[in-house]
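A.B. asks: I need the structure of the sequence given here:
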Amino acid sequence: MESALTPELARTYLDWLIELGADDAISDAPIDRYGLQDKVKPAPAVAVAAAPGVIPAKVPDEVDPVAVARAASQGAGDLAALKAALASYEHCELKRGARNLVFCDGRPGARVMVIGEAPGRDEDREGRPFVGRAGQLLDRMLGAIDLSRETSVYITNVLPWRPPQNRDPKPDEILMMQPFLARHIELAAPDILVIMGNISCQAVLGKRGITRLRGTWAEAFGKPVLPMVHPAYLLRTPAAKREAWADLLELKARLRS
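C.D. replies: Residues are numbered from 1 along each chain as shown. Got it, this is the predicted structure:
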């Protein structure tokens, strides 16, 4: 004969179920366990005393990716060393999905340095900035004012790795690349910076709104800066080519002066 279920025995069964992890009663409505995960607070850390004579292991501090980037970039004495520092930088997740590091193209030491946003599919495949349709248009634009990447222009991007599906770079990705960009400008030593697109404006000038900023000279890193719309935008919006031509003429006049 089975013994009667007393309150004491019921509590024993309940404690046993809780130990097994069954701490919720079955309800009429379903429970979204995945949604509950965000609401679960982590258990407070419990200090554990070290055994006598044993030095407890030091918990490493959280790594600051921007500080690491700043130290790595400042340690680069030339462009080759800066490229190597970027290649060994492990704190940007974009590196995991990119085929190639896209560092630069053109002539180091040129008077004009063009700064784009981030590599696209063609750039990621070839490892050079501005080599797709937008790059071909850029070459024609530069040629119209007697400039070329082979002789008189140096080209790079804010980000050296292609974002997935060509999405816009995230703010933290831009921040960790800014020290590398600043050192890149310092080592390339151009007279004029031409920044193309919103991401470049954000990284160099700390502001966005390229259609408002374009064609108006600014200053950053101790150099004159000319914001321009990205050639990819011109491919989508041919009507904007007239304004881009005016910006190119402004650049040509600045170089002559």
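A.B. asks: host element of Leu234?
C.D. replies: helix 231-236 (DSSP states H and E).
A.B. asks: doesn't Gly97 make contact with Pro119?
C.D. replies: No. The criterion here is C-beta atoms under 8 Å, and Pro119 misses it with Gly97 at 11.6 Å. (Each C-beta comes from the backbone N, C-alpha and C, glycine too.)
A.B. asks: what is in contact with the two at once?
C.D. replies: Both Pro119 and Gly97 are contacted by Trp161, Arg162, under the criterion C-beta atoms under 8 Å, 6 or more residues apart in numbering.
A.B. asks: neighbour-wise, which of the two wins?
C.D. replies: Pro119 (29 against 12; other C-beta atoms under 10 Å).
A.B. asks: Against Asp105, how distant is that one?
C.D. replies: Pro119 sits at a distance of 11 Å from Asp105 (criterion: C-beta to C-beta, to the nearest Å).
A.B. asks: what do these two both touch?
C.D. replies: Pro129.
A.B. asks: Can you show me the strands along the stretch 51-200 of the chain?
C.D. replies: 105-106, 112-116, 153-157, 192-196 (DSSP state E, counting those that start in this stretch).
A.B. asks: Can I get those strands in CSV including mean pLDDT and mean neighbour count?
C.D. replies: Below are those laid out as CSV (pLDDT from 0 to 100; neighbours: other C-beta atoms under 10 Å):
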stretch, mean pLDDT, mean neighbour count
strand 105-106, 98, 22
strand 112-116, 98, 26
strand 153-157, 98, 25
strand 192-196, 98, 24
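A.B. asks: right, so of these, which gets closest to Leu86?
C.D. replies: Nearest to Leu86 among the strands of the stretch 51-200 of the chain is strand 153-157 (10.7 Å), distances taken as C-beta to C-beta.
A.B. asks: circling back: send me the helix holding Leu234 as PDB with only the CA atoms.
C.D. replies: Coordinates of each C-alpha in helix 231-236 appear next as PDB, following Å, rounded to 0.1, in the frame of the first residue of the first chain:
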ATOM      1  CA  PRO A 231      31.300  58.200 -57.000                       C
ATOM      2  CA  ALA A 232      28.900  55.400 -56.100                       C
ATOM      3  CA  TYR A 233      26.300  58.100 -55.300                       C
ATOM      4  CA  LEU A 234      26.900  59.700 -58.700                       C
ATOM      5  CA  LEU A 235      26.200  56.400 -60.400                       C
ATOM      6  CA  ARG A 236      22.900  56.200 -58.700                       C
END
